[in-house]
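> Quick check, what structure comes out for this input:
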Amino acid sequence: MIFSTYNSLVQLNTFGNIADYSLIYLYFCVCFLLGMELMGSVGYCEMLYRTNLLAIVAGGARPKFADNTVLVYDDISKKFVLEFTFSSFVKNVKLRRDKLVVVLSHQIHVFSFPSPCQRLFTVETRVNSLGLCEVSPIVSAERQLLVFPGHKLGSVQLVDLASTEAGISSAPVTINAHQGELACLAVNQQGTMVATASNKGTLIRVWDTTRRAQLVELRRGSDPATLYWSVHVRQKATFPTLLIFKKENFFLFSNMGFLGNYVESQWALANFTVPPECACICAFGSRSSVIAICLDGTFHKYVFNADGNCNREAFDVYLDVCDDDEF
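Here you go, the predicted model:
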């Protein structure tokens, strides 16, 4: 499998290039398949919430299209409805109901979407080999943010999407988040907080996007590790561990500053591990549960409580789900 990713509302998971299928996407127990003969092999795919629109970038061993092109596929009409071609390889794509964002290694292009579809603005970035970029997914969110690595090492830039029109964008706001290169970015649905991690992988910092102040520092450990923002087949981990932190202490920790960073860092409430040497991504489910999707084709659901106890409740090989006669 080439990649695995959730949609912007973390309701649906998309997998790329499995056996004879270009894309498999699941919502609860419903499975949809898009064949290799239609799309060729796929490097990345982003679904617009739970709609019929998917933004697709070619990749893998048998691509049918160029890797500098973004194709928008309508699963109702069963055809491609939009095409965008750029001067270099497309690293990432983000979709909202009113915006399409395309990430290149040195640039980010923002388009109005879906109709009319026109380029609004382009921002220059530092080398962004991971294609790091996030947008606040809800159009009615408190802050309409585009978040990406800044020009300064370890910094994050925030652009207000609510004050953009063709040829005009607001000046980016910068947060100096880390001393090393960024490895992960995440923004909450309301756009009020952004989480960052560096390539050292020892901690995650959560920031208030309005005040540009650090709310909390979440410490994974003291030894370096890889933190995954999205997962691709080339990524591995020796013993992948998922950590769960309590949110209620965020603002308490943001007011502390006299004991030193290591002492004041918030440590995980609970943790669990998934199969060795297999990268994964995770999301919260209902009733204090966490769901992990791994590149080896496995699905893990763990439940946890306030005491930090964590137990596996469900396991499956999700690639087999689509072969079940009832789907």
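> Does Glu37 lie in a helix or a strand, and which?
According to DSSP states H and E, Glu37 maps onto helix 36-39.
> right, and the helix or strand after that helix?
Sequence order places strand 40-47 as the next helix or strand after helix 36-39, per DSSP H and E.
> Can you mark which positions in that next one are buried?
For strand 40-47, the neighbour count (16 or more other Cβ atoms under 10 Å) marks 40-47 as buried. (C-beta placed from N, C-alpha, C; glycine too.)
> and if you look at stretch 208-219?
208-209, 214-219.
> and the end-to-end length of it?
Start and end residues of stretch 208-219 are separated by 18 Å (Cα to Cα, to the nearest Å).
> Read off the pLDDT value for the residue nearest to Gln189 when sequence neighbours are not counted.
Leaving aside its chain neighbours, Gln189 sits nearest to Ile138 (5.2 Å; criterion: Cβ to Cβ, 6 or more residues apart in numbering). With respect to pLDDT, Ile138 scores 78.
> Tell me how many other residues surround Ile138.
Ile138: 17 surrounding residues under other Cβ atoms under 10 Å.
> Which secondary structure state is assigned to it?
Of the three states, Ile138 takes coil according to DSSP: H, G, I helix; E, B strand; the rest coil.
> how far away is it from Lys99?
12 Å (Cβ to Cβ, to the nearest Å).
> got it, and Gly150?
Counting by Cβ to Cβ, the gap from Gly150 to Lys99 is 20 Å.
> where do the helices sit along the stretch 201-327 of the chain?
250-254, 261-264, 318-321 (DSSP state H, counting those that start in this stretch).
> picking up where we left off before, compute the mean per-residue pLDDT across the helix holding Glu37, please.
Helix 36-39 comes out at a mean pLDDT of 74.
> CA-only coordinates of it, as CSV, when you get a sec.
Output of helix 36-39 as CSV, limited to C-alpha atoms (Å, rounded to 0.1, in the frame of the first residue of the first chain):
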residue,chain,number,x,y,z
MET,A,36,-6.5,0.7,-11.5
GLU,A,37,-7.7,0.8,-15.1
LEU,A,38,-9.5,4.1,-14.4
MET,A,39,-6.8,6.0,-12.4
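> Okay, now the unreliable bits of the stretch 1-150 of the chain?
For the stretch 1-150 of the chain, the stretches with pLDDT under 70 are 1-36.
> Going by contacts, tell me the helices and strands next to the lengthiest strand in the chain.
Assignment by DSSP state E gives strand 53-63 as the longest strand of the chain. For strand 53-63, the packing partners by 3 or more Cβ pairs under 8 Å, 6 or more residues apart in numbering; DSSP states H and E come out as strand 13-18, helix 36-39, strand 40-47, strand 69-74, strand 92-95.
> what lines up beside it in the sheet?
Strand 53-63 pairs in its sheet with strand 40-47 (antiparallel), strand 69-74 (antiparallel), by DSSP bridges.
> still on that earlier bit, may I see the buried residues of stretch 208-219 organised as a markdown table, with pLDDT added?
Putting the buried residues of stretch 208-219 into a markdown table (pLDDT from 0 to 100) gives the following:
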| residue | pLDDT |
| --- | --- |
| Asp208 | 94 |
| Thr209 | 94 |
| Gln214 | 93 |
| Leu215 | 89 |
| Val216 | 85 |
| Glu217 | 87 |
| Leu218 | 83 |
| Arg219 | 78 |
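> Brilliant, that's me finished.
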